[in-house]
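Novice: Let me see the structure of the following:
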Amino acid sequence: MGQSMGAIDGNLQAVRERIARAAQAAGRDPRSVTLLAVSKTHPAALVEEALAAGQRAFGENYVQEALEKMDALAGKPVEWHLIGPLQSNKTRIVAQRFDWVHSIESEKIARRLSDQRPAGTAALNVLIQVNVSGEGTKSGVASEQVFALAEKITKMPRVRLRGLMAIPEPGAGIDRYRELKNLYEKLASEFSLDTLSVGMSDDMETAIAQGSTMVRIGTAIFGTRQKIRPAA
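Specialist: Have a look, this model is predicted:
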């Protein structure tokens, strides 16, 4: 079940402590790891409670659900991240309303976001999603295709390529995380990137030990997901 009101503050503190311990064990500054609270399927009231506890960045999978929360929390200091797949027919509203998109896997989607980002707003932060495990059922770009896509995105005027996102398969060995770290470091040296988004509630320590700069945490903050909504 999801968390009751009042539990979010303590959960956030516990997650921050886990991040700090993992970073220190890896010889890193805990401040080098950003916490993205994954609020998908949870109500705006819990997002507001997390805001009151000092959390600012929130991840959503479904565009329509996210828009409802944005409207409910209008005027609040929220940084909205789209972490789920993005369809072509949703790019305009995403370009208008979100701060980050983690799931870029084609030049077409990136170009639409750039073309549709409103003038006068900051460039949209984007991450290339890498299918680091090569799983046929998982979204993302094959590792060998990442450089070519990154080169194209960095030339687009209204998006800013920040780095990579990946979801290693459950139980992935340390070599999978090292492979991703090596790919990110090569890409970062070429394109001056700063974000490696990998690690969730069950594997954040491993991800942080292997260089993750952003962990996406849902269950450990908000509890188990509510009824899944249709992708949109």
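
Novice: mind listing what's buried in stretch 103-112?
Specialist: Buried residues in stretch 103-112, defined by neighbour count with 16 or more other C-beta atoms under 10 Å: 103-105, 109-112. Every residue, glycine included, has its C-beta placed from N, CA and C.

Novice: does V101 have beta-bridge partners, and which?
Specialist: Here V101 sits in beta bridges with L82, V126, as judged by DSSP bridges.

Novice: Surely it and V126 touch.
Specialist: Yes: counting by C-beta atoms under 8 Å, V126 is a contact partner of V101 at 4.9 Å.

Novice: so what sits against both of those two?
Specialist: Contact with both V101 and V126 is made by residues L113, according to C-beta atoms under 8 Å, 6 or more residues apart in numbering.

Novice: Pick out whichever of the buried residues of stretch 103-112 sits closest to I83.
Specialist: S103 (6.4 Å; C-beta to C-beta).

Novice: Just the element for the closest one, please.
Specialist: Assigned by DSSP states H and E, S103 belongs to strand 100-104.

Novice: For that strand, name the packing helices and strands.
Specialist: strand 79-82, helix 107-116, strand 124-130, strand 159-166 (3 or more C-beta pairs under 8 Å, 6 or more residues apart in numbering; DSSP states H and E).

Novice: For it, which outside residues touch it?
Specialist: So strand 100-104 is contacted by 59, 79-86, 94, 110, 113, 124-129, 139, 149, 153, 162, 165, 197 (C-beta under 8 Å, 6+ apart).

Novice: just to revisit the earlier point, distance to S143 and mean pLDDT for the helices and strands packed on strand 100-104 - can I get that in TSV?
Specialist: Listed next are the helices and strands packed on strand 100-104 as TSV, based on distance: least, C-beta to C-beta, whole Å; pLDDT from 0 to 100:
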stretch	distance to S143	mean pLDDT
strand 79-82	22	98
helix 107-116	17	98
strand 124-130	6	98
strand 159-166	10	98
